[in-house]
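In: got a predicted model here, sequence first, then my questions.
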Number of protein chains: 4
Amino acid sequence: MSEHRNGPVRSAAARDSILDATARLLALQGYDNLTMEGIAKEAGVGKQTIYRWWRSRGALIADCMIEGRLATVEIDLPDTGDLGGDLNVWLEGIVSIVADPAGGALLRSLVAAAAEDGAVGDRLAAALGADQTLSLRLASAVRAGQLPEGAPVDQLGLAILGAIIVPVLARRPIDAVEIRRLVDHLIRPAG
Amino acid sequence: MSEHRNGPVRSAAARDSILDATARLLALQGYDNLTMEGIAKEAGVGKQTIYRWWRSRGALIADCMIEGRLATVEIDLPDTGDLGGDLNVWLEGIVSIVADPAGGALLRSLVAAAAEDGAVGDRLAAALGADQTLSLRLASAVRAGQLPEGAPVDQLGLAILGAIIVPVLARRPIDAVEIRRLVDHLIRPAG
Amino acid sequence: MSEHRNGPVRSAAARDSILDATARLLALQGYDNLTMEGIAKEAGVGKQTIYRWWRSRGALIADCMIEGRLATVEIDLPDTGDLGGDLNVWLEGIVSIVADPAGGALLRSLVAAAAEDGAVGDRLAAALGADQTLSLRLASAVRAGQLPEGAPVDQLGLAILGAIIVPVLARRPIDAVEIRRLVDHLIRPAG
Amino acid sequence: MSEHRNGPVRSAAARDSILDATARLLALQGYDNLTMEGIAKEAGVGKQTIYRWWRSRGALIADCMIEGRLATVEIDLPDTGDLGGDLNVWLEGIVSIVADPAGGALLRSLVAAAAEDGAVGDRLAAALGADQTLSLRLASAVRAGQLPEGAPVDQLGLAILGAIIVPVLARRPIDAVEIRRLVDHLIRPAG
DNA sequence: CCATAACCGAGACGGTACGTCTTGTCTTGCC
DNA sequence: GGCAAGACAAGACGTACCGTCTCGGTTATGG
């Protein structure tokens, strides 16, 4: 924080400083070493200013994700008409993040936060693209005839995420080749 | 704990009492309200006796899972030759657990524990069947020609888990029908 | 406070409301539960309005005493010519106040305030009569020959107060009979 | 604190260190700047170790007084047979303490503590000698015929204390000569 | 056959963080 | 410019757990 700003309206500087500190400390130290007092100190803010606007660590993290302050978790998914190629681009993005130890740790932190706080779970699914991006791309593929009519596009998105999240939780290395085979299997032409 | 003493060898009664208390408190109160002191008190045991044999909450939970003390998480998966039917039986088991609020909360607790402790992640994947049971069943289906040669059986297991875990984290209701459609899609005959 | 606003001159309504709230809360809750925020809220006043005109809780309490808003502490002392009888009337007043638990608590509160804030100490001694009323009455007795020439009238007042304040601080019951014996001893004819 | 001593029995080192820190900080900073956290830090002790054994600042201070750690408050009162002379010795001790600014501040701190906590009031009266020493000396004077039979010895002690405490509260200079005149008046031969 | 060593329950210890409360300052917008 | 309202940085409150450390006692084993 810079200036000692207050008054009867919410301080944008304090808000910004708090979310910034949250994102920084989460990435550096992980969810279980993330403390409200640590955030307050790092942000140069009184604890009460945090509690006035957020109920919990989870709420802070959810806001960070909404505002894209955990930037590494934003992936994009093109729609060139080539479903397999597009998904590979997206996979490339995800895998390059979670294959990095710091990225894996961040994902585990987010999962831990999600387990405690439903709002984080929502935002996490959204940030990873499962909610909209991925489902929409798959729906588009259905319309293009690349996936069978009535394919469970929402569930397919979750399924791909699962193949990534579960190994990350278990600290196993991500095998990009295997995941690509999974994707190929999922979108293989119907029999 | 019942009897008071033993000797210079590890007390089976203490060990049992501790794991029992861990499982009970985890199910009742969730991972984030699970404390070492609470376990010690519930088990009628000194804290040191816990720390002597386990490094952390995670290690306790992992042991509980290994011994099947979180019994609701043990699912079985038949192999009648009918892949779709067998998977439906297994799904039925899983869904009936996580659809129950307590079961969902327990799964979230385990995921939180897994995010903190790699060993729990391993055990969690195993307990849910992803590691062995599910993969083996799918491999058996490959041999039976019900899945294409070279189908990524390990990843398929993780994928199904993902479609269950992610909604549970986000506290969304589990839609059993949709998941069944996913499974049908995954094992649909190749084109 | 009733009406909402005024102009660039000090609001008598605010001042009155603040002192009123101070006196009420002090009597109800005691000195250590008396807070500036509580007073502001009770008075329906902004905190700044208090800080603008008073430096501390002590200053507020001193003003309350000056204006006789802690009315129970105002005692009167007649001068009928009968020194012993007059002092007994005064003692009666004091003892009936401090013998009541609420009165004792109020006196302790005032002593606590006095210990923090010299101005309150001044006002407290004055309110209890030690400064003027009591000394003047005793001086009058000296003139009437009821006390020896040169009797330390100021100190005698303090002395009687001490016999009341110290037991109140220690939460001991006030023994009115004993105090009357003290007074009789103090004013006994010289040898 | 020196060594990291613990075990299932109370640590004498911790106890000592805490009372020592309390006495030191009370004398340095006064009662209202005395905080539990400050004591814990100064003593090199966890806050819980304080709260485990004492309920409040007042209880700490009372213990300090019992053990004579606020040493300046211990006065002695000889009994040579010469009542006036003995009291003058005692007065000398008291006055030399409270005439010093630090001594006066300490006494005000003790009075503030007493106002909050009855036990401190008890100990304070005792430490100043009102309870036993002074009363006993006066009773001895009664037996020696220096005071009239039936003189209210307890109240006389309180009275002298009052003449000291009230001016200290009001931050007025202590007038040793006046107090000596008061004492002379109190013990003057009966008429 | 007795000493010793590892175990046990209990719980005090120095700490860290919790979430709440209050302080005194500052700002906003109304009057 | 005074006012009600209330956000702000700061920091103490009293509680809950952490992981380490005695303590006193029990019991199996091995010298």
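Out: In hand now; what should we look at?

In: show me what the lowest-mean-pLDDT helix or strand in chain A is packed up against.
Out: The weakest-scoring helix or strand in chain A, judged by mean pLDDT, DSSP states H and E, is helix A:118-127 (a mean of 86). Helix A:118-127 makes packing contacts with helix A:57-66, helix A:101-116, helix B:153-169 when contacts are defined by 3 or more C-beta pairs under 8 Å, 6 or more residues apart in numbering or on different chains; DSSP states H and E. Heads up, the C-betas are built off the backbone N, CA and C, glycines and all.

In: what mean pLDDT does the last one get?
Out: Just to be clear, that refers to helix B:153-169. With pLDDT averaged residue by residue, helix B:153-169 scores 90.

In: wait, doesn't residue A:135 sit right on residue A:154?
Out: Yes: Residue A:135 is within contact range of residue A:154, at 5.1 Å (criterion: C-beta atoms under 8 Å).

In: avg pLDDT for the strand or helix carrying residue A:28?
Out: Counting by DSSP states H and E, the element that carries residue A:28 is helix A:12-29. Within the predicted structure, the mean pLDDT of helix A:12-29 is 96.

In: buried ones in it?
Out: Using 16 or more other C-beta atoms under 10 Å in any protein chain shown as the test for burial, helix A:12-29 gives A:13-15, A:17-23, A:25-27.

In: likewise stretch A:50-59?
Out: Taking 16+ other C-beta under 10 Å as the basis for neighbour counts, the residues of stretch A:50-59 that come out buried are A:50, A:54, A:56, A:57, A:58, A:59.

In: ok, now which ones touch the nearest residue to the third one once chain neighbours are set aside?
Out: Taking C-beta to C-beta, 6 or more residues apart in numbering or on different chains, and ignoring the residues beside it in sequence, residue A:56 has residue A:117 as its nearest neighbour in space, at 6.3 Å. Contact criterion C-beta atoms under 8 Å, 6 or more residues apart in numbering or on different chains gives A:56, A:57, A:58, A:59, A:61, A:62 as the residues in contact with residue A:117.

In: how does it look with 10 Å?
Out: With contact taken as C-beta atoms under 10 Å, 6 or more residues apart in numbering or on different chains, residue A:117 is in contact with A:55, A:56, A:57, A:58, A:59, A:60, A:61, A:62, A:123, B:169, B:171.

In: just give me the closest of the buried residues of stretch A:50-59 to residue D:92.
Out: The shortest separation between residue D:92 and any of the buried residues of stretch A:50-59 is 57.7 Å, and it belongs to residue A:50 (by C-beta to C-beta).

In: what does the host helix or strand of the closest one rub up against?
Out: Residue A:50 belongs to helix A:47-53 when elements are defined using DSSP H and E. For helix A:47-53, the external contacting residues (C-beta under 10 Å, 6+ apart) are A:1, A:6, A:10-11, A:14-15, A:17-18, A:21-22, A:36-37, A:39-41, A:43, A:46, A:56-57, A:59-60, A:63.

In: and if you look at stretch A:58-65?
Out: Residues lying outside stretch A:58-65 but in contact with it, judged by C-beta under 10 Å, 6+ apart, are A:15, A:18-24, A:26-27, A:31, A:34, A:36, A:39, A:50, A:53-54, A:56, A:69-71, A:73-74, A:109-110, A:112-124, A:126-127.

In: surely residue A:153 meets residue A:142?
Out: Yes: the pair formed by residue A:153 and residue A:142 meets the contact definition of C-beta atoms under 10 Å, at 6.5 Å.

In: of those two, who's got more company?
Out: Ranked by neighbour count (other C-beta atoms under 10 Å in any protein chain shown), residue A:153 and residue A:142 place residue A:153 first, with 19 against 15.

In: nearest residue to that one in space, please, no chain neighbours.
Out: residue A:138 (3.9 Å).

In: ok, residue A:37 next?
Out: The spatially closest residue to residue A:37, leaving aside those adjacent along the chain, is residue A:47, at 6.5 Å (C-beta to C-beta, 6+ apart).

In: any idea how many residues pack against that neighbour?
Out: Counted by other C-beta under 10 Å, the residues lying close to residue A:47 total 12.

In: residue A:101 too?
Out: Neighbouring residues of residue A:101 were enumerated by other C-beta under 10 Å; the total is 9.

In: please apply the same query to the one 5 residues further on.
Out: One way to gauge burial is a neighbour count; for residue A:106, by other C-beta under 10 Å, it gives 23.

In: any idea how far it is from residue A:172?
Out: Distance, residue A:106 to residue A:172, by C-beta to C-beta, to the nearest Å: 17 Å.

In: residue contacts, the residue nearest to residue A:118 when sequence neighbours are not counted?
Out: Leaving aside its chain neighbours, residue A:118 sits nearest to residue B:171 (3.9 Å; criterion: C-beta to C-beta, 6+ apart). Contacts of residue B:171 were listed using C-beta under 10 Å, 6+ apart, and they are A:114, A:117, A:118, A:119, A:121, A:122, B:101, B:104, B:105, B:108.
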